[in-house]
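Visitor: Provided below are the primary sequence and the corresponding predicted coordinates.
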Amino acid sequence: MAGTSQSMSRTTMQRLLVRPKSLTDLAHDSIRQLIVGGELAMGEQLSEATLAAQLGISKTPVREALLRLRVDGLIEIQPQRGTFVFSLTSRQVEEICAFREVVEVSAVKLAMEARRPGLVKALQANVREMALARKTADWEAIRQLDEAFHEAIVAHCDNVYLQQAHQLIASKIGALRARLPRQDEQVGHCQQNHAAILALLREGRVAATQRALALHIRDTLASYRLASNLGDVAEPGVASRGGPR
């Protein structure tokens with residue numbers, strides 16, 4: 001009886017701990033998806049009233065959600081002006097890509113040393129699915145698989161600090177990726193690049209895998225600039241560079 005009582009007590013506790021998402025959580029997730037999925041333009045001004053009406057809730061949870069998204073770096077709140085989707089200067093895009101390279105290149109080394117078989121298995125499945133998505137021109141699936149490929153590398157490194165560092169930019173990278181033209185050259189080559197990285201990783205060639213991953217990330221810089229409509233945007237006090245380099 002005691003065992004049954006303890007089991008029932010644990011079940012009751014689990015029910016109490018599993019609570020439905022609050023309206024603020026739901027608003028946060030919905031607005032985040034609109035931004036990361038590319039349905040809201042970078043720099044677009046947001047209205048609490050409009051978002052509340054679209055979501056069918058009051059303005060209070062929307063306001064709280066926007067404050068959380070500000071902490072996430074996806075929202076900019078400008079006093080006396082309003083609330084805007086984040087935007088990036090050309091220099092900031094460069095910095096994000098450089099930061100991403102440092103984190104992922106370090107992560108892939110640790111992942112290969114500690115959990116290479118598991119990472120190989122995860123990336124093999126990913127590359128196969130992306131090849132199928134390319135055949136059917138399923139661009140949304142390609143975008144999601146691209147994101148999952150890089151997330152798998154970080155997840156397998158077993159270093160919580162690298163994983164937290166990656167989370168600092170993951171949403172912004174996702175937002176940039178969602179805004180790439182469907183026929184962008186990098187989108188078309190993505191599966192090939194991933195397959196090449198996987199082949200080196202499977203062979204256990206750590207340094208070569210790191211170099212291939214670094215080059216793959218650097219190749220995205222020009223595309224991400226275009227995705228942000230930054231080709232002809234100059235930073236404050238800097239003359240226009242005349243487009244991506």
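Guide: Perfect, I can see it now.
Visitor: tell me which strands and helices the top helix by length along the chain is in contact with?
Guide: If you go by DSSP state H, the chain has its longest helix at helix 90-135. If you count contacts as 3 or more CB pairs under 8 Å, 6 or more residues apart in numbering; DSSP states H and E, helix 90-135 packs onto helix 139-155, helix 160-178, helix 185-202, helix 206-219, helix 221-227. Where you see a C-beta, it was placed from the backbone N, CA and C, and this is true even at glycine.
Visitor: quick check: angle from it to helix 206-219?
Guide: Going by axes from the mean of the first three to the mean of the last three CA atoms, to 10 degrees, helix 90-135 is angled at 110 degrees with respect to helix 206-219.
Visitor: centre of the chain to helix 90-135, how far?
Guide: Here helix 90-135 is found 12 Å from its chain centre; the criterion is CA atoms, centre = their mean, to the nearest Å.
Visitor: now stretch 137-147
Guide: Centroid displacement of stretch 137-147 relative to its chain, using CA atoms, centre = their mean, is 13 Å.
Visitor: make TSV out of the helices and strands packed on helix 90-135 and add distance to residue 51 and mean neighbour count.
Guide: TSV is the format used below for the helices and strands packed on helix 90-135 (distance: least, CB to CB, whole Å; neighbours: other CB atoms under 10 Å):
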stretch	distance to residue 51	mean neighbour count
helix 139-155	23	19
helix 160-178	17	18
helix 185-202	30	18
helix 206-219	33	17
helix 221-227	24	20
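Visitor: give me the domain ranges for this protein.
Guide: 20-85, 90-227 (automatic domain parsing).
Visitor: average pLDDT across the longest one?
Guide: Per-region confidence: domain 90-227 scores 92 on mean pLDDT.
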